[in-house]
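[1] For reference, the sequence and a predicted model appear below.
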Amino acid sequence: MTARDDLDAIDLRIVSELQRDGRLPHNELASRVGISHPNCLRRVRALRSRGIIRTIRATVDERSLGYEVASFVAIQLSSQNQAALAAFEGAIAALPLVQQCWRISGDADFLLRCVAASVEEMSRQLRLFAAMPDVRTIRSYPVLGVSKDALLPIPGEPAIAGPSG
């Protein structure tokens, strides 16, 4: 049984509404999904405690903060033992310019999404990765533009496109 199996239609509507607007006041959210304010608050708290709603945050335009360069970086380690994987993940966690890190399968072990103020700063970041223990190969894929940035599809609803950058 997955977490999704435990979600009823009201839970899915709450998730959908909050995904569109995380600042939505609980009384407005309750009205939109057709339940009482206390029931809505209880359900939102339950969704958060179960980890279904992980966080609510603002999506900030990177360039407005001076991050002119974004890149996906695929990294292959020379060893895939648990110690090497954990050490790499720990090192990456401490790097603020690495926005996301996924462990993947295929030709690489990790896919990172990185930002930098300049090409030179991104180059320094790549050299830092290369100096890490067990890093075998690095492939960088500079981002030229964003074509799609969608919200997660909610079962039973049509997918709704999110803001594009």
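    Perfect, I can see it now.

[2] can you list the domain ranges for this structure.
    Residue ranges for the domains of the chain, per automatic domain parsing: 3-49, 62-142.

[3] who's in contact with residue 47?
    By C-beta atoms under 8 Å, 6 or more residues apart in numbering, the contact set of residue 47 is 11, 14, 15, 53. The way it works is simple: take the backbone N, C-alpha and C, and place the C-beta from them, glycine included.

[4] my read: the third one touches residue 156, true?
    No - under the criterion of C-beta atoms under 8 Å, residue 15 is not in contact with residue 156, lying 11.3 Å apart.

[5] Can you check which residues contact both of those two?
    With C-beta under 8 Å, 6+ apart, residue 15 and residue 156 have no common neighbours.

[6] hmm, which of the contacts of residue 47 are the buried ones?
    Applying 16 or more other C-beta atoms under 10 Å to the contacts of residue 47, the neighbour count classes 11, 14, 15, 53 as buried.

[7] ok, those vs residue 109, which is closest?
    Closest to residue 109 out of those is residue 53 (29.4 Å), distances taken as C-beta to C-beta.

[8] on that earlier part again, please convert the buried ones among the contacts of residue 47 to TSV, extending it with pLDDT, secondary structure and distance to residue 121.
    TSV is the format used below for those (pLDDT from 0 to 100; DSSP: H, G, I helix; E, B strand; the rest coil; distance: C-beta to C-beta, whole Å):
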residue	pLDDT	secondary structure	distance to residue 121
11	95	helix	43
14	95	helix	40
15	95	helix	37
53	94	coil	34
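
[9] Great, nothing more from me.
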